[in-house]
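Student: any chance you can model this:
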Amino acid sequence: MKKLILVAFAIVLSSCTQTKIAYIDVADVMSEYKAMIALEEEMTTKQQQIAGELQGAQSAFQAKVQEYYKNAPKMSSAKKQAAEQALQQEGQMLQGQQQQASQMLEQENQAKSEVLIKTIDSIVANYSKSKGLGIVLGTQGNGTVMYGDDALNVTADVIEMLNADYDKKEPVVPAEETEAK
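Tutor: Got it, this is the predicted structure:
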């Protein structure tokens, strides 16, 4: 009987151990993680560069359209029809280039973001293990965690670790810059 009570007491004590829980404000991580900031800047620069290139083609196309309207009254109907068809094809081609460029940028951004998210997940896992945390919740604003004691908020620690990890890595030089040298 005494052994049974001791076993029951041990089971009760072991079930009383609490899982340590913390949370991370994901919005803060995304806005303060240097690698994410660098990625946003890189994508903005590429987007502006591509937009500039496409704007040049769009301007040339608009000049052709204006030239067509200027000369249209003097053209035969067959020549008008051919010019309109050529302008329509060129317009569609420009639209296709814009869509292709947009898709390329989106895919590149998604691929690079996935790499950063894996890095975040890895660092959060290592941090959690080192601090003995059983559960780490992610929140964005008023999302998943409706309330959290500031003592449980480990966002600043995780951001510090992420940025330290980012700072120790060599900056990656884009292939375009490497080829230019």
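
Student: from here on, contacts and neighbour counts on C-alpha atoms
Tutor: Will do.

Student: point out where the chain drops to low pLDDT.
Tutor: For the chain, residues meeting the criterion pLDDT under 70 lie at 1-17, 141-148, 170-181.

Student: now do the strands in it.
Tutor: Secondary structure of the chain (DSSP state E): strands at 21-25, 135-139.

Student: Serialize those to TSV and add fields for distance to Gln98 and mean neighbour count.
Tutor: Converted to TSV, the strands of the chain look like this (distance: least, C-alpha to C-alpha, whole Å; neighbours: other C-alpha atoms under 10 Å):
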stretch	distance to Gln98	mean neighbour count
strand 21-25	36	20
strand 135-139	36	16
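
Student: and those as a markdown table, adding distance to Leu94?
Tutor: Output for these, formatted as a markdown table (distance: least, C-alpha to C-alpha, whole Å):
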| stretch | distance to Leu94 |
| --- | --- |
| strand 21-25 | 42 |
| strand 135-139 | 42 |
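
Student: out of these, flag the one nearest Val124.
Tutor: Minimum separation from Val124 across the strands of the chain (C-alpha to C-alpha) falls at strand 135-139, 8.2 Å.

Student: hmm, back to that, Thr155 is nearest to which of the strands of the chain?
Tutor: Nearest of the strands of the chain (C-alpha to C-alpha): strand 21-25, 4.6 Å.

Student: from the chain's centroid, how far away is that closest one?
Tutor: Here strand 21-25 is found 21 Å from its chain centre; the criterion is C-alpha atoms, centre = their mean, to the nearest Å.

Student: kindly report the same for stretch 111-129.
Tutor: Using C-alpha atoms, centre = their mean, the offset of stretch 111-129 from its chain centre is 13 Å.
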